[in-house]
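>>> Got a predicted model here, sequence first, then my questions.
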Amino acid sequence: MLVACSGAIAETRLLCIMPMGPYFQKSLSGISVELGSKYHIDTLDVSKAENLDVALATLKKVKPEGLILMDTKAIRIAGLLQARDSAILAMPKFVLMTLQADTAAKDLKNVAGVRFEVPGYTLVTGFRAISSSDVTKVGVFYRKSFQSVIDNSTKLLAKEKIELVGACIDCDAAKALTPELAIKTMGKQLKVLVKEKNVQAIWLLADNMIINQESVSSFWLGKVARTKKPVLVPLENLASLQIGVGVYAADPDYEELGTQSAGQIVQVFEEETPASDIGFEPLISVKTILNLDVAKRLGWQIKQDKVSGISKVLKSK
Amino acid sequence: MLQVVLYALFLVVGVGAQGPAPVVVCVPGALSVTQIQQDFETTLGAGRAIVFGRIKDVENMLATSPNSPIIVPGEFASFTPAYKVVLKGRKNGQTGQKYVALASNPAITSANLGSYRIAMVDFLGRENLVQFLSTAFSIATPKLKKTNKPEDLLILLGMESADVIIVPEGDVVELKAGTKTDLKAVAESISPVPYPVLAAKNGVSVDDVVAALMKQPPALLKDLGIDKWEKQ
């Protein structure tokens, strides 16, 4: 932060490189409200095209002290910018609203971020909190590329005395996994999870090999639905009245995601913590969705005094 | 969204209007701001109050409506010296409650609390919260993770993004019921922290608000987590 001659503290200038969709705007609003008047945020729209010359011109005009990056397009531009200019290389960068943000931003220097994926810990413990029955064993299908996610979730859930039973669909595979093979493998593993391991619920991982158009109808709404086990889903539409794969879902709270990112910005600019020391944090705040039609179909009892705490409760008229 | 609409309406109608400034209310972390807004309108009349769930929104609102009376956490009022407390909330015969630091890590004690990451619901604004932790818990430079939603506190602990959570004493039982980790109290605030208060600037009349609140409307008392209002 600069101190001007008058003694007043100058604003810290930030440039937010982002698409202009409504969810991105919500996150930006969260950042802006939290940071207040001590910070000034300019925006660069990358909705339509990534234009390095436009980005360079904007940086020259705005002279930001830090970059906020939303979406992979913004991260790509930042990568190109930092390759051109050592000042940008050193500049703190804050990543959010990006799937697999750690991986997407791996080539950026001096970066902090908030992961976009709703943690399994949050989804499972949130479901347990609203359920009349205790939840102590949850199954999950996953590919080996998600092993670290499963291992971390297993560790965190164990502290809450919840056992996560993983079913890897390609760990022992002799041939390359296809969507059809994935469905077949999950079908066999479902029997093990339900009949041998006695899981009480299934966490559906956001992986397009596990959930796709084909697997929704033939597997999730077919075999899994017949087990009457609650499915906990990472996307609202999967718990919608129209689709009804899941009984409970959690989506990022976009505005609070912005607030969380703002916390990192404050740490860097006011507490002098390097962005790279902060690294990538898990998403904390979510909005929850409960499909009462599915709960009724499953015979799963919900604690009535907890329903008011759910962001969206869905029920057919 | 409702708050944005109300704020905009206030700006359009209130600027230059002769009526009193609306009461600005903050119930940090409230689950249903919409319901609380309706309860205030039922008690005070339409347009007479605007309710927020985030203290930051109150700060922004007061910048444009400096003569608005406020109903805020009592500690927040202490950081606004231009405002004088008119009514105090009371619960179980007390005008405040202690705040408690909870942790499941047995290595954390009141002596080393300041070395750990502390999560709290933001009821004061960042700078005031830092000051509060210094005064109430003797933590000079806290590693603060603040949140606007109480339901995020256990997630912060569970996801290992925080080591300690600091909450009002009255919330401890429910919090402990929400986790199977062995959460223990490791410290408490030096003094009780005041319950919500009604405060106003000198020269701003709040007689109508006082009269309405002193009828002790049950819905509002419940929304604010108190048993009754009493005059300062």
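Ah, there it is.
>>> Please tell me how far residue B:106 sits from residue A:157.
Per CB to CB, to the nearest Å, residue B:106 is found 21 Å from residue A:157. Yep, even glycine has a C-beta here, placed from its N, CA and C like the rest.
>>> So for those two, which sits in the more crowded spot?
residue A:157 (24 against 9; other CB atoms under 10 Å in any protein chain shown).
>>> Could you list the alpha-carbon positions for the helix or strand harbouring residue B:200 in CSV?
Per DSSP states H and E: residue B:200 is located in strand B:197-201. C-alpha atoms of strand B:197-201 as CSV (Å, rounded to 0.1, in the frame of the first residue of the first chain):
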residue,chain,number,x,y,z
VAL,B,197,-28.4,-3.0,21.7
LEU,B,198,-30.4,-0.2,20.2
ALA,B,199,-28.2,2.8,19.7
ALA,B,200,-28.7,6.3,18.2
LYS,B,201,-26.7,9.4,17.6
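>>> Show me what that strand pairs with in its sheet, parallel or antiparallel.
strand B:70-72 (antiparallel), strand B:83-90 (antiparallel) (DSSP bridges).
>>> Quick check: what element follows that strand along the chain?
From strand B:197-201, the next helix or strand downstream (DSSP H and E) is helix B:207-213.
>>> tell me the contacts of the spatially most central residue of chain A?
Residue closest to the average C-alpha location in chain A (CA atoms, centre = their mean): residue A:117, at 1.8 Å. Residues near residue A:117 by CB atoms under 8 Å, 6 or more residues apart in numbering or on different chains: A:99, A:100, A:206, A:234, A:283.
>>> redo that, cut-off 10 Å
When contacts are counted by CB atoms under 10 Å, 6 or more residues apart in numbering or on different chains, residue A:117 is found next to A:99, A:100, A:101, A:149, A:205, A:206, A:234, A:252, A:282, A:283.
>>> Likewise for residue B:107?
Going by CB under 10 Å, 6+ apart, the list of residues near residue B:107 reads B:115, B:116, B:163, B:186.
>>> what domains does the record give for chain B?
Domain assignment for chain B by automatic domain parsing gives B:2-94+B:194-231, B:99-191.
>>> By mean pLDDT, show me the worst of those.
Ranked by mean pLDDT, these end with domain B:2-94+B:194-231 at the bottom, a mean of 87.
>>> That one: how far from the chain's middle?
11 Å (CA atoms, centre = their mean, to the nearest Å).
>>> swap in stretch A:294-302?
26 Å.
>>> touching chain B at all, that stretch?
No. Stretch A:294-302 is not in contact with chain B by CB under 10 Å from any CB of the partner chain; minimum separation 15.6 Å.
>>> quick one: contacts of that stretch?
A:127, A:130-133, A:200-201, A:225, A:227-231, A:239-241, A:243-248, A:290-292, A:310, A:313-316.
>>> The same query, at a cut-off of 8 Å, please.
In contact with stretch A:294-302 (CB under 8 Å, 6+ apart) are residues A:130-133, A:228-230, A:239, A:244, A:246-247, A:290, A:292.
>>> Can you tell me which residues in chain B are near chain A?
B:31-32, B:54, B:56-57, B:59-60, B:104, B:126, B:145-149, B:151-152, B:154-156, B:158-161, B:178-181 (CB under 8 Å from any CB of the partner chain).
>>> Please pick the buried ones from those.
B:31, B:54, B:56-57, B:59-60, B:104, B:126, B:145-149, B:151-152, B:154-156, B:158-159, B:161, B:178-181 (16 or more other CB atoms under 10 Å in any protein chain shown).
>>> what about the helices in chain A?
Listed in chain order, the helices found in chain A under DSSP state H are A:22-35, A:52-62, A:72-84, A:86-90, A:101-104, A:120-130, A:147-159, A:179-191, A:213-215, A:225-227, A:254-270, A:275-278, A:292-298.
>>> before we move on, back to that, selection in PyMOL covering whichever of the contacts of residue A:117 are buried, please.
Buried residues within those, by 16+ other CB under 10 Å, are selected in PyMOL with:
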select buried, chain A and resi 101+149+205+234+252+282+283
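>>> Strands of the stretch 201-317 of chain A, residue ranges please.
A:201-203, A:231-233, A:248-252, A:280-281, A:286-291, A:312-314 (DSSP state E, counting those that start in this stretch).
>>> before we move on, what about chain B?
B:23-26, B:49-52, B:70-72, B:83-90, B:96-97, B:99-103, B:117-121, B:143-147, B:164-168, B:184-188, B:193-194, B:197-201, B:228-231 (DSSP state E).
>>> follow-up on the earlier one: now narrow the contacts of residue A:117 to whatever sits close to chain B.
Within the contacts of residue A:117, those near chain B by CB under 8 Å from any CB are residue A:282.
>>> Pick out whichever of the contacts of residue A:117 sits closest to chain B.
residue A:282 (4.8 Å; CB to the nearest CB).
>>> Pull the contacting residues for the nearest residue in space to the closest one that is not next to it in sequence.
Distance criterion CB to CB, 6 or more residues apart in numbering or on different chains; nearest residue to residue A:282, sequence neighbours excluded, is residue B:159 at 4.8 Å. Residue B:159 makes contact with A:119, A:121, A:122, A:156, A:282, A:284, according to CB under 8 Å, 6+ apart.
>>> just checking, residue A:153 touches residue A:163?
No. Using CB atoms under 8 Å, residue A:153 is not in contact with residue A:163; the gap is 11.1 Å.
>>> What's the local residue count around residue A:76?
17.
>>> Would you mind measuring from the closest residue to residue B:37 other than its chain neighbours to chain A?
In space, and not counting its chain neighbours, residue B:37 is closest to residue B:51: 4.4 Å by CB to CB, 6+ apart. Going from residue B:51 to chain A by CB to the nearest CB, to the nearest Å gives 16 Å.
>>> What residues are recorded as beta-bridge partners of residue B:51?
Bridge pairing for residue B:51 - DSSP bridges - gives residue B:25.
>>> That one: what's it in contact with?
Contacts of residue B:51 by CB under 8 Å, 6+ apart are B:3, B:25, B:26, B:27, B:30, B:33, B:36, B:37, B:40.
>>> try it again with 10 Å
Residue B:51 makes contact with B:2-3, B:6, B:22-27, B:30, B:32-41, B:57-58, B:71, B:223, according to CB under 10 Å, 6+ apart.
>>> repeat for residue A:181
A:169, A:170, A:173, A:175, A:209.
>>> from memory the second one sits against residue A:184, does it?
Okay, so that is residue A:170. No. Contact criterion CB atoms under 10 Å: residue A:170 and residue A:184 do not qualify, at 12.0 Å.
>>> and the two? which has more neighbours close in?
residue A:170 (16 against 13).
>>> Name the nearest residue to that one, ignoring sequence neighbours.
Using CB to CB, 6+ apart, the nearest residue to residue A:170 is residue A:177, at 4.5 Å.
>>> that older thread, now the helices of chain A in CSV, with mean pLDDT?
As requested, the helices of chain A are arranged in CSV below (pLDDT from 0 to 100):
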stretch, mean pLDDT
helix A:22-35, 96
helix A:52-62, 91
helix A:72-84, 94
helix A:86-90, 94
helix A:101-104, 95
helix A:120-130, 98
helix A:147-159, 97
helix A:179-191, 96
helix A:213-215, 94
helix A:225-227, 96
helix A:254-270, 97
helix A:275-278, 96
helix A:292-298, 97
